[in-house]
Each structure stands twice: as C-alpha cells, then as structure tokens.
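Participant: How does the following fold in three dimensions:
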Amino acid sequence: MPSELATLDLATINAAQVFIVAALREQCCQWEQDSADAVADGRLVNALMLEHWAFAADLLASKVSGEFAALFGRALDARLNWSSAARSVEEQMLDALAIELASQQGEPLVLCP
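Facilitator: Alright, predicted model coming up:
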C-alpha cells in the first residue's frame, strides 16, 4: 500500500510551485514600484512600509519555493520506495519521465520592470 505522499502528482506540485512563487514575486515587484512612487511623492512613511511588505513577500516566495521542493522530494522518495513489484512497467516509466522533466524545469524568473 503506497503512502499518501506516493499518490501526489509530481507535475501538479511543480505547477503549483511555479504559479504561487510567480504570484508572490509579482506582488513583491508591485510593492517595490509602489514604494518608489511613494518616495517620489514624498510619502516616505508609506514608502518604507511598502518596502517592508516587498521584502516580506520576497522572503515568503523563497520559503514557499523551498517547501514545494521539499514536498516534491518527499513525494518522489515515497514513489521510489514504494514496492516496484506492485507497479506496472508503465508506472515506473512514467515516474522516470516525471523525474527527468522535473529536473529540467527551473523556477521562473519574474523581473521587476
């Protein structure tokens, strides 16, 4: 009987990581831009607050990315440790393909304008 981790879809984990981390990084960029605008308008207290929010969003994006990577690793480990005798050749080949695809996919870069 496989563990719950072994039943998680690796592609879904990767897609969720990409989507969530990109959203956090985009929000970070937005707050950095808002902070720069606030400085230009002379609203320095607001600018500092926005800069802190941007820093927190960037920190959170890094933490979330690391947690998704850890989840992916645990799910992959659970799949590989699951008795291969109980799995078809097709399932084992699909796992090998998922590993190869995951290793080629990097975290997207979201550049601030």
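Participant: I figured Ala75 was touching Ala6, is that so?
Facilitator: Yes. With contact defined as Cβ atoms under 8 Å, Ala75 reaches Ala6; the gap is 6.9 Å. No exception for glycine: its C-beta is placed from N, CA and C like everyone else's.
Participant: okay, these two: which has more neighbours?
Facilitator: The neighbour count for Ala75 versus Ala6, taken as other Cβ atoms under 10 Å, is higher for Ala75 (21 against 18).
Participant: ok, the closest residue to Asn81 other than its chain neighbours to Ala15 distance?
Facilitator: Closest residue to Asn81 apart from its sequence neighbours, by Cβ to Cβ, 6 or more residues apart in numbering: Ala6 at 7.8 Å. Separation of Ala6 from Ala15 (Cβ to Cβ, to the nearest Å) stands at 19 Å.
Participant: and Leu8, what are its phi and psi?
Facilitator: phi -70, psi 140 (degrees, to the nearest 10).
Participant: which residues touch it?
Facilitator: Neighbour list for Leu8: Leu71, Ala75 [criterion: Cβ atoms under 8 Å, 6 or more residues apart in numbering].
Participant: Many thanks, have a good one.
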